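> Quick one, fold the following:
(3 chains)
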Amino acid sequence: MGGNSDMKLIDENGIRIDGRKVDELRPIKIEAGVLKSADGSAYVEIGKNKVLAAVYGPRECHPRHMQNPAKAIVQCKYNMISFSVSDRKRPGPDRRSVEISKLISEAMEYVVFTENYPRTSIDVYIEVLQANAGTRCAGLTAAAVALADAGIPMKDIVPAVAVGKVNDQVVLDLNKEEDNYGQADLPIAMIPRTGEVLLMQMDGHLTQAEFDKALEMGVKACHEIYELQKDALRRRYAIVNGETEEEPKEPAEDVNEEA
Amino acid sequence: MARSIVSEIKRDHIHKLIADGKRVDGRAWDQVREISVQTNVVETAEGSSRVKIGNTEVIVGVKMTVGEPFADTPNKGVLSTNAELIPMASPSFESGPPDENSIELARVVDRGIRESQMIDLEKLCIEPGKKVWINFVDIYVLDFDGNLFDACNLGAVTAIKSAIVPAKANGLGEDYPMPITCTPISVTSVQIENSILVDPTLDEEKVAAARLTVTTDDNGDLRAMQKGLSGALTLEQVKTAIETSRRLGIEIRKLIG
Amino acid sequence: MNKESMTRELVLPGDLLDAGDMKPGEGTYVHDGKIFAAMLGIKSVKSNFVNVIPLGGRYIPAPGDMIIGKVIDIGPSNWLVDIYSPYPAPLHVNEVPWRVEFGDTARYLGVGDTLLAKVLSVDETKRVQVTMKEQGLRKLQGGQIVEISHSKVPRVIGKNGSMIQMIKTYTNCRIFIGQNGRIWMDGNMEDMVHAMRAIKMIDEGAQTLKLTERVKEFLESVYRKEE
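Modelled structure (predicted):
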């Protein structure tokens, strides 16, 4: 947070520099199943953020000492590619991405039924192709869709969004300028149906009243993003209309007899 | 580990098909998979491109900064090419610093660009001996189904061609397009059971004995080559691979414009 | 078999499946007395149980499953078999149809070999044992291997084996289907290419309807052409 509130980011009519109202999300595009090698994948655009997520697993857990005999471990790796930001970022993890990876892993571990797959690892790779504030939320949003696309058993799909404070006003889904010159940033991930909060961070300065307002805005936005996530998955697995066919269930053995 | 072991049945099947003059996906031996190129996909880069060859997909970005030239080339810009085989792209890729495969890959792509003098590096000199443009060409493999050399070459070349030198943001006058002299194109062939196949898929690569990447320029002249894998090529096969690269290079250059 | 579901409804993780008197079946979970989908799949109601039939995901071995495995490592008294699952499975020398001396395993099965085997046991931490000691289980040679999602196996087989029978009849290929999603076939090169294409069609379009007709159309078109 720059904390510099001299920069005018919201006009007299409550319109932000990118034309949005204070409680408006940036345009969002979500696609499921975009990569061939991965077991599940998703592409998410939120404003100028472009993020890819890929899921591999459940698969054998390496290194072996990380195996848990009772459940799968969920390992998310968040990374920004070198040209996703204005100053080239050296490839490889830094402290920021390690922290974000940990938080997203923990959030996802809660929704995945890890006990179904003891001793395995479910690996989620998040690559930020173009960054414009809110990449951890875009990354988590993509990761949740990719997990569902991979057929991983999970409680629900998880959306995420950041709320913040700019020019002393609470605003939804900060863009880069607002993030740079804003006064607070509050990323949230939750299960909209149950209200369970799975990721929350805050930096900057918020009063209790501002926090309450921010949370209300965030919850509402999460509901909207959740619908877009589900819509992406439904489009990917669209059932062609026509007659119904009964689901066959024959064991392979019966058909493997030599003719 | 399980993935890297090729089943004998798959190996035999590919061999039998090749003996019959066929490939698993029905292509001719000298046919490249479908290519798609999308440039300017990342606004934060000076140039960028997303390229698909069949199911292999890469994204490449060019970032430019002002820096010091190397002492032995005081009046030339600097080119630095890097490739990341990120675990997103394949179950066999692991996180960590670049391994020998990604270093070889980056160096072969770099050589094609450098040796063809695709970028006119002298035009990227701002103040001889003091200030030049440094070009970082960063390649990320997103989806791996064989033939990274050509996908990365094509990604790098199209990203460089789309790049705009950010002079204005650096207080150096108006922005201008990257100074380009030619379009180096690489075509990779593999040898399986004494046959030459271009643009191998991952399954073909796994059973290939030898590989040859040949990069040509607009005149069809050779600018870089790299033989890989532990098998040997006959001189005849080398000539076939070169002739094929030259011929397909013309088509690919047309395709990317 | 009372309430058969008549629509193929796609459900997503977290979708409410039933808040009434149905019982939670496979691919579901219960929260606050209601049944929710635990994975992406097709909702299916059978005998008052609501289930989600997966459209993807990894194969998890169950005892008795016939599978196609690939040898990935050799020990002195066992082989390690990749069964296209997160869990590799040891095959002990006592579970093969040959008498194997200690340390002589490589003479019988090598790395990269393909086997038709059966899942013998799976413990609670998913440690798997496979066996080849049963009629018909053996090393597979020649032919071709296709890998599809294990969840599409029932579709490839079809009702009472109708789909696979149709593919066998048209292509004249011998085909073995592993419950784990690996399929082995043998026949003429051309025929195998067609059989593989038909199986890929099912793999890619398993959630679409009229699949049988579409596969039949495809096979008819290629075989009519060749006559």
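> Number of residues surrounding B:Asp218?
Using other Cβ atoms under 10 Å in any protein chain shown, B:Asp218 is surrounded by 15 other residues. Every residue, glycine included, has its C-beta placed from N, CA and C.
> residue contacts, it?
Residues in contact with B:Asp218 (Cβ atoms under 8 Å, 6 or more residues apart in numbering or on different chains) are B:182-183, B:253.
> make it 6 Å
By Cβ atoms under 6 Å, 6 or more residues apart in numbering or on different chains, the contact set of B:Asp218 is B:Cys182.
> Please apply the same query to C:Ile83.
By Cβ under 6 Å, 6+ apart, C:Ile83 lies in contact with C:67, C:69, C:89, C:180.
> three-state assignment of the closest residue to chain B within chain A?
Residue of chain A nearest chain B, by Cβ to the nearest Cβ: A:Phe83 (2.9 Å). Following DSSP: H, G, I helix; E, B strand; the rest coil, A:Phe83 is assigned to coil.
> Provide a list of residue ranges in the chain with pLDDT below threshold.
Answering for chain A, as no chain was given. Scanning chain A for pLDDT under 70 picks out A:1-5, A:239-255, A:257-259.
> sorry, should have said chain C
For chain C (pLDDT under 70), the answer is C:1-7, C:206-209, C:225-227.
> Give the residue farthest from the middle of it.
The C-alpha centroid of chain C is most remote from C:Asp32, which lies 34.3 Å away (Cα atoms, centre = their mean).
> Put together JSON lines for the contacts of C:Ile83, with distance to C:Lys168 and secondary structure on each row.
Formatted as JSON lines, the contacts of C:Ile83 follow (distance: Cβ to Cβ, whole Å; DSSP: H, G, I helix; E, B strand; the rest coil):
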{"residue": "C:Ile67", "distance to C:Lys168": "20", "secondary structure": "strand"}
{"residue": "C:Gly69", "distance to C:Lys168": "22", "secondary structure": "strand"}
{"residue": "C:Ala89", "distance to C:Lys168": "28", "secondary structure": "strand"}
{"residue": "C:Asn180", "distance to C:Lys168": "20", "secondary structure": "coil"}
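> who wins for most neighbours among the residues you listed?
For the contacts of C:Ile83, neighbours tallied by other Cβ under 10 Å; top is C:Gly69, 30 neighbours.
> How about that one, nearest residue that isn't a chain neighbour?
C:Val81 (3.9 Å; Cβ to Cβ, 6 or more residues apart in numbering or on different chains).
> Correct me if wrong, but that neighbour is in a strand.
Yes - under three-state DSSP, C:Val81 sits within a strand.
> does it really touch C:Leu91, like I thought?
Yes - the pair C:Val81 / C:Leu91 is scored as a contact, 5.2 Å apart, by Cβ atoms under 6 Å.
> got any residues that touch both of these two?
C:Val130.
> Which residue ranges of chain B form strands?
For chain B, the strands defined by DSSP state E occupy B:35-39, B:47-53, B:56-67, B:78-84, B:125-127, B:131-143, B:164-165, B:176-177, B:185-192, B:195-198, B:210-216, B:222-228.
> Dump these to a markdown table, plus mean neighbour count and distance to A:Lys29.
Shown next, in a markdown table, are the strands of chain B (neighbours: other Cβ atoms under 10 Å in any protein chain shown; distance: least, Cβ to Cβ, whole Å):
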| stretch | mean neighbour count | distance to A:Lys29 |
| --- | --- | --- |
| strand B:35-39 | 16 | 15 |
| strand B:47-53 | 26 | 15 |
| strand B:56-67 | 24 | 17 |
| strand B:78-84 | 21 | 25 |
| strand B:125-127 | 16 | 39 |
| strand B:131-143 | 24 | 17 |
| strand B:164-165 | 20 | 25 |
| strand B:176-177 | 12 | 29 |
| strand B:185-192 | 27 | 33 |
| strand B:195-198 | 22 | 36 |
| strand B:210-216 | 25 | 36 |
| strand B:222-228 | 18 | 39 |
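> With respect to C:Arg58, which of those strands lies nearest?
In terms of Cβ to Cβ, the element of those nearest to C:Arg58 is strand B:131-143, at 19.3 Å.
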